[in-house]
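A.B. asks: Got a predicted model here, sequence first, then my questions.
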Amino acid sequence: MTCWSGALGWDSYSFCIFGAAVYSHLICKKQNHIKLPMTIKEAELELKMSLSTYYDRREASAIADLVMEDLSGYKRVDRILHDRDRLEEQSIRWFKTVIKYLEQKMPVQYVLGYAYFDRLRLKVNNQVLIPRPETEELVDWIVHDIEQDLPGMAHKHFLDLGTGSGCIALAVKHRLPKLRVSGCDISDGALGVARHNARLTGLEVDFFKLDILAGEETKKLPKLDYLVSNPPYIHHDEKLQMDPHVLDFEPHLALFAKREQPATIFYEKIGRLASRILKPDGLLFMEINPLFVNEISELLKSAGAVHIEIRKDLQGKDRMVKSVFK
């Protein structure tokens, strides 16, 4: 007879708790409630069991880790030491609500109300995109290049076009505090989130409303040293390949150009804007769609960029571009 606890590498206590969690999950799901009382370990196993229906093992584990840290106040290592601690009834009821939303495939960052980005904890909701790891890579590149001009940084001005949650602008300000940083967006909802995040982090960043595609509005912008943008760049034909938790919950205004417009419309407009408002040797950084890397390069050349550099993300995809304008 196979000893499953040994085969799985679990001690007898963990194995018993897992078995109880499986039974509890089936019964509680049928009765549409979570049992009381509950320990930290029981809650984590219950959560992973629920998530396994909708996510692969790795993603379910990552989501469960975020939720359990928020629920218990302990990091993963500390939860091992406190796994038999009982949760308060209020915490369990919150936990039940979290599971309900996660089972609807709502992104865990929206469920919790925050996301981590480049060492900052930022508020997020369905008015803004959830910050991605590849955007952190873009921030690393931006900071590295701007740092080469440390003596003159206090007199330099950086603008984030289509700032969303403010993640890029705030991360750059956090790492380069002497730099003057601003961010703009067309969405009032996004600007509300960005301004909240500025207060939350204590970082001085000016956020204002601007439609990048409206030529008259952009004429009011001053001369700048650095421009950055992570614009809407997904083609509508890519929708079929997108995860439901992105397509169903994240703002389409920040994901897609209008159907009647080319997917590269923002790159064309931003390239022209950069040629007009960047000071000599000014830099433009953008996150890009790998499908349109050649078209974007040509648009930037046409706009007057004298040097264009493409970089890949950690997945090996062409994801970032830097352009120099004279």
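C.D. replies: Structure's in. What do you need?
A.B. asks: contact partners of stretch 190-210?
C.D. replies: Residues from elsewhere that reach stretch 190-210 (Cβ atoms under 8 Å, 6 or more residues apart in numbering): 120-125, 127-128, 161, 163-167, 169-170, 173-174, 181-186, 188, 217-218, 221, 251, 254. Just so you know, the C-beta spots here come from the backbone N, C-alpha and C atoms, and that holds for glycine as well.
A.B. asks: Quick check: PyMOL command selecting the buried ones in those residues.
C.D. replies: Command for PyMOL that selects the buried part of these, burial taken from 16 or more other Cβ atoms under 10 Å:
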select buried, resi 120+122+123+124+125+127+128+161+163+164+165+166+167+169+170+173+174+181+182+183+184+185+186+218+221+251+254
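A.B. asks: mind exporting the host helix or strand of Gly189 as CSV, just the C-alpha atoms?
C.D. replies: Using DSSP states H and E, Gly189 sits within helix 188-201. Extracted C-alpha coordinates of helix 188-201, given in CSV (Å, rounded to 0.1, in the frame of the first residue of the first chain):
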residue,chain,number,x,y,z
ASP,A,188,-9.8,61.0,-14.8
GLY,A,189,-10.1,57.6,-13.0
ALA,A,190,-6.4,56.8,-13.6
LEU,A,191,-5.3,60.3,-12.5
GLY,A,192,-7.1,59.8,-9.3
VAL,A,193,-5.2,56.6,-8.6
ALA,A,194,-1.9,58.1,-9.6
ARG,A,195,-2.4,61.1,-7.3
HIS,A,196,-3.4,58.8,-4.5
ASN,A,197,-0.2,56.8,-5.1
ALA,A,198,1.9,60.0,-4.9
ARG,A,199,0.4,60.7,-1.5
LEU,A,200,0.8,57.1,-0.4
THR,A,201,4.5,57.0,-1.3
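A.B. asks: how distant is that helix from the center of its chain?
C.D. replies: 15 Å (Cα atoms, centre = their mean, to the nearest Å).
A.B. asks: so after that helix, what's the next helix or strand?
C.D. replies: Heading C-terminal from helix 188-201 (DSSP H and E), you reach strand 206-209.
A.B. asks: Now that following strand: average pLDDT?
C.D. replies: The average pLDDT within strand 206-209 is 98.
A.B. asks: That strand: partners in the sheet, and parallel or antiparallel?
C.D. replies: Using DSSP bridges, strand 206-209 pairs in its sheet with strand 180-185 (parallel).
A.B. asks: Before we go further, Arg272 is sitting in a strand, right?
C.D. replies: No: Arg272 is assigned helix when assessed by DSSP: H, G, I helix; E, B strand; the rest coil, not a strand.
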